[in-house]
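# Okay, here's the prediction I keep looking at, along with the sequence it came from:
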Amino acid sequence: MALGRLVGAVLRARGPGPAVRTLRLTHSCVDPAVGLTDEQKEFQKMAFDFASNELAPHMAEWDQKETFPVETMRKAARLGFGGIYVQPDVGGSGLSRLDTSIIFEALSTGCVSTTAYISIHNMCVWMIDTFGSQEQRQQHCPVLCNMERFASYCLTEPGSGSDAASLLTTAKLEGDHYILNGSKAFISGGGDTDLYVVMCRTGDKGPKGISCLLVERGTSGMSFGKKEKKIGWNSQPTRAVIFEDCAVPVTNRIGKEGDGFSIAMKGLNGGRINIASCSLGAAYASILLARDHLKVRRQFGEPLANSQYLQFRLAEMATGLLAARLMVRNAASALQAGREDAVALCSMAKLFATDECFTICNQALQMHGGYGYLKDYAVQQFVRDIRVHQILEGTERLFFLFHSKKGTSFHFECAGKTE
Ligand SMILES: Cc1cc2nc3c(=O)[nH]c(=O)nc-3n(C[C@H](O)[C@H](O)[C@H](O)COP(=O)(O)OP(=O)(O)OC[C@H]3O[C@@H](n4cnc5c(N)ncnc54)[C@H](O)[C@@H]3O)c2cc1C
């Protein structure tokens, strides 16, 4: 189904009488193009077209066969989606965080899982572009931006998830190499990707003892766990990455010793916007699928779309989507502007959008009745694929410690995976 070509919809009941007891679609309410510049509309259309033509037709098959669609992602990279917010001198598209969000929302209408991996890859390339030396940028970014090579982000460990700063993978300096020991869990792309951005301990306990190293697949002492069986995100592999006396050149360190945790968290600020944007795309697509289903499915002698209850529910879903999108775009703009509140806004947008969009997709499945539970219907895959967005890149509600400041105003501080 060419989701990208469909326009946004809110269903409105018109006045009484048989002819008017049908649903009317309005374009503007949840249309993701509303309020964008002409330039943004152009690359949004490009992303929607790519989603319709290159992703949506394969999304079910990739899910079922657990295919990592390397060649399709390389096609996406030819449109500039391999390094969207990476600087142009190393092959990036040099677009803003807001532009990036617009693109990921559109792409994920075609396949959430593939888009989410592309978003992680983008985050890794941005980290190298932003914190790497000139040599590192020139060596790695161009081949990552065109997706000749693929990257993975390695922070989580079996014993450290939400409490990422307690990670135990060690990197001991021996001459001009670090010797890595330890393991990373749940690594997206793990085993199939080429370059691993690894957070490891070079110093004392806590965040200041963590450094960031680039590890090439094939380095002696590096191996991978089994491919995890997952309920969604099946077009990208997830594996443990294991280091046993794995020697990595000192020249592969990104930033200074002790900078690793800060680099990892700065990557995740954008990562949260990106993952939230993938949730927006799933919710948008699911609303359109539900709308179409309600129009054709007849019960009690008339289309389900005539049910005022379902119309209200659809209107609530559209409202939730719009609220989530506004939060995500607001946070993206704050991050781009380097605003002081950007970190909290990114976390808040991620929290709200991933919860709200999951509810929307799940409600859309409900509106399909039993058909929604069948794999022939795309809505179930949107539900399965975005469930994990509430878990990763900062777990659910762990972002906030909400406490009063001087008794009058309130101040958000981020906990868990933050600086
Ligand atoms: C499909 C998939 C792909 C992933 N990809 C990557 C990747 O590419 N790179 C990477 O580094 N990681 C990745 N992850 C890991 C992901 O970031 C972690 O799963 C996530 O951070 C949560 O950590 P955890 O699983 O250890 O859960 P835990 O930290 O054990 O948390 C379990 C539950 O307890 C809650 N909780 C934890 N601490 C507290 C507390 N103090 N107070 C209240 N509640 C608390 C959490 O919110 C959560 O609901 C991936 C995970 C999945 C499932």
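Received the coordinates, thanks.

# Can you give the distance from stretch 89-104 to the centre of its chain?
Here stretch 89-104 shows a centroid-to-chain-centroid distance of 14 Å under the convention CA atoms, centre = their mean, to the nearest Å.

# tell me which residues of that stretch are tucked away?
Under the neighbour-count criterion of 16 or more other CB atoms under 10 Å, stretch 89-104 has 90-93, 95-104 buried. No exception for glycine: its C-beta is placed from N, CA and C like everyone else's.

# ends of stretch 141-156, how far apart?
End-to-end distance for stretch 141-156, by CA to CA, to the nearest Å: 24 Å.

# how about it: buried residues?
141-145, 147, 149-156.

# from these, which are also near the ligand?
Filtering these for proximity to the ligand by CB under 6 Å from any ligand atom leaves 152-156.

# tell me the phi and psi of the closest residue to residue 225 other than its chain neighbours?
Distance criterion CB to CB, 6 or more residues apart in numbering; nearest residue to residue 225, sequence neighbours excluded, is residue 240 at 3.2 Å. The phi/psi pair for residue 240 (degrees, to the nearest 10) reads phi -80, psi 150.

# Residue 240 and residue 188 touch, don't they?
No: counting by CB atoms under 8 Å, residue 240 stays clear of residue 188, with 11.8 Å between them.

# These two - which one has more neighbours?
Set side by side, residue 240 and residue 188 show more neighbours around residue 188, with 23 against 20, by other CB atoms under 10 Å.

# For the stretch 151-300 of the chain, give me the ranges with low pLDDT.
The stretch 151-300 of the chain contains no residues with pLDDT under 70.

# which element is whichever residue of the stretch 1-150 of the chain sits closest to the ligand on?
At 5.7 Å from the ligand, residue 120 is the closest residue in the stretch 1-150 of the chain, using CB to the nearest ligand atom. If you go by DSSP states H and E, residue 120 is part of helix 112-131.

# Show me what secondary structure element comes after that helix.
helix 134-145.

# In terms of secondary structure, what does that following helix contact?
helix 112-131 (3 or more CB pairs under 8 Å, 6 or more residues apart in numbering; DSSP states H and E).

# any idea of the mean pLDDT in the helix it packs on?
If you average the pLDDT over helix 112-131, you get 98.

# from here on, count from 782
With 782 as the first residue, the last one maps to helix 893-912.

# Return the distance of it from the chain's centre.
Counting by CA atoms, centre = their mean, helix 893-912 comes out at 9 Å from the chain centroid.

# Identify each buried residue in that helix, please.
For helix 893-912, by 16+ other CB under 10 Å, it's 893-912.

# rewinding a little: now for the buried residues of stretch 922-937: which two are most distant?
Within the buried residues of stretch 922-937, 923 and 937 form the most distant pair, 28.2 Å apart (CB to CB).

# Dump the ones next to the ligand among the buried residues of stretch 922-937 to JSON lines, plus secondary structure.
As requested, those are exported to JSON lines (DSSP: H, G, I helix; E, B strand; the rest coil):
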{"residue": "933", "secondary structure": "strand"}
{"residue": "934", "secondary structure": "strand"}
{"residue": "935", "secondary structure": "strand"}
{"residue": "936", "secondary structure": "coil"}
{"residue": "937", "secondary structure": "coil"}
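
# from the chain, which residue is nearest to the ligand?
Of all residues in the chain, residue 942 sits closest to the ligand, with a separation of 1.7 Å (CB to the nearest ligand atom).

# what number of residues lie near that residue?
Neighbour tally, residue 942, other CB under 10 Å: 19.

# again with residue 1136
Residue 1136 has 17 neighbouring residues, counting by other CB under 10 Å.
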